Every structure is written in structure tokens, then in C-alpha cells.
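A.B. asks: Okay, predicted coordinates and the sequence, questions at the end:
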Amino acid sequence: MTHAYVACWDLDETLGDFTMIDFEMSHRQPPDYIRPLSLRYGIKETLERLSGEGYVHFIVSSAVSAYVNEALKRTSLRDYFEGILVRENHVVTIGGKYYQPVADVMKLSKDEVRSKMIVIGNAFGDRPADIPGLCFIEHKAGFLYDAIVTESIMSRLKEVGDGSFEDGFEKLYTAKSANQLQDEQPKINMGSGISFSLEKRRIDQFFKDAGVTPTVSDIEAEAYRTDLVIIEP
């Protein structure tokens, strides 16, 4: 099975706000501050454009299957995803998630995983815990921003790396601007109202040889902050 690229998406606060489903499934009355079921602005369009470029999408979530499937069904997102990995698939561990099962499904070699696969989430707990060199885009509260922000960062990494996420990250990381200190995390300004930092996080803080996760973090894109798209009952 060969495809151009593989995108592994977190669910909650990455694709939308699905908290209301949890209250409904447990027959609890939600507090007033709980948002109605909502999608991230532009996420369907982003998934469609990326699919048109040859991307295959997966959900890798720490939530349980019933919740994830209900969220995807109610928001009409299910057909965008080739597969879903959830808590019952044992993808959650301390300090991250396992993404090798996705690579196995897609029959990607170790080199292909680092160059053609990417992880998108909103928190530290979404980062790859098992594959050194697998790029991770961490956008805290990313669901409150137009999905074009994530799409643009993915495109920049791929473009700079001549088709490789890992190579793109490394080229941007090593090309520090003249006014950056040697030990300072590189800050990339895309010139379109989007900027981000690059850092290399050790997969396991207790084992220096465990490898690192190339991480896009501290994303700033206030011009793209927008309202969520409420899903009517």
C-alpha cells in the first residue's frame, strides 16, 4: 500500500469540541460553560485539500471508541479517515501515544515514517512516544483557529524538506537567523501572520539515547483565530 503522506490527528481540541457528547452518553446535565458540539473552522476543507494531495488521515485518540465514533458520526467527519485508533487499541502511554500501528497499517519503512508521516495534536500527551524523528505539530487550543494554520505549517515543512517532513524540520531548525542565540529555539515567521518555534524533545527524559521528537510548538496565529462551527442537533 503506497500513499504520498500520512497525517495522524488527535480528536479533542484539535478537530473540534466534542465534550457535549460525553455528557450526553453519560446522561449528565452539562454545566453552562460547556460548548455545544462544534467543529474547528475549515477542518473539512483542509482534510479534503490534503486528501487531494495524496494524504491518508488517521485518528489517534486517548478517548474510548464509542465516544470517538459518535463524535465523527455526528460531525460527518468519519469518511475523511482511513482508520481510527483509540484507548482500547492501547495507543496511550505516559507522556505520549504510539503511532507505530499506523505505520504498520500503511506499510511504511522506518525512513518513510519520518519523511512521510506527521502527528497533529494540541497537548504534550499527543506526541509520539515510540518513533524517533516523527514530526509533531503541537498547537495548544488549535481548535480555536482556522485549520489552514495547521495545513500551512505542514506544507512549509514538506516544501523546505523537498517532500520530507523530517528534512524540512531539520533545515529550518539549523538555519537560525543572525539575531538568534546559539541555544535559543528557532522561531519561524512564515510571513502570513503565522509563526512557530522548533524544538527537539527527548522521547524519554530518563534515557538520553531514546531519540528525539522534532516538535513545532508555540504557534502564534491570532489573525486566524475564529469561531467554532456549531453542529446543529
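C.D. replies: That came through, no problem.
A.B. asks: Count the neighbours of L37 for me.
C.D. replies: 22 (other C-beta atoms under 10 Å). Bear in mind the C-beta positions are built from the backbone N, C-alpha and C, glycine included.
A.B. asks: Let's test this: what are the backbone torsions at it?
C.D. replies: Backbone geometry at L37, expressed as degrees, to the nearest 10, gives phi -50, psi 120.
A.B. asks: any idea how far S61 is from it?
C.D. replies: 16 Å (C-beta to C-beta, to the nearest Å).
A.B. asks: next structured bit after the longest helix anywhere in the chain?
C.D. replies: In the chain, taking DSSP state H as the definition, the longest helix is helix 148-160. Later in the chain than helix 148-160, the nearest helix or strand by DSSP states H and E is helix 165-174.
A.B. asks: Could the C-alpha coordinates of that next one be exported in CSV?
C.D. replies: What follows is helix 165-174, C-alpha atoms only, in CSV (Å, rounded to 0.1, in the frame of the first residue of the first chain):
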residue,chain,number,x,y,z
PHE,A,165,8.8,16.4,7.0
GLU,A,166,11.9,15.3,8.9
ASP,A,167,14.3,17.0,6.4
GLY,A,168,12.2,20.2,6.4
PHE,A,169,12.2,20.4,10.1
GLU,A,170,16.0,19.9,10.2
LYS,A,171,16.7,22.5,7.6
LEU,A,172,14.5,25.1,9.4
TYR,A,173,16.0,24.2,12.8
THR,A,174,19.6,24.6,11.7
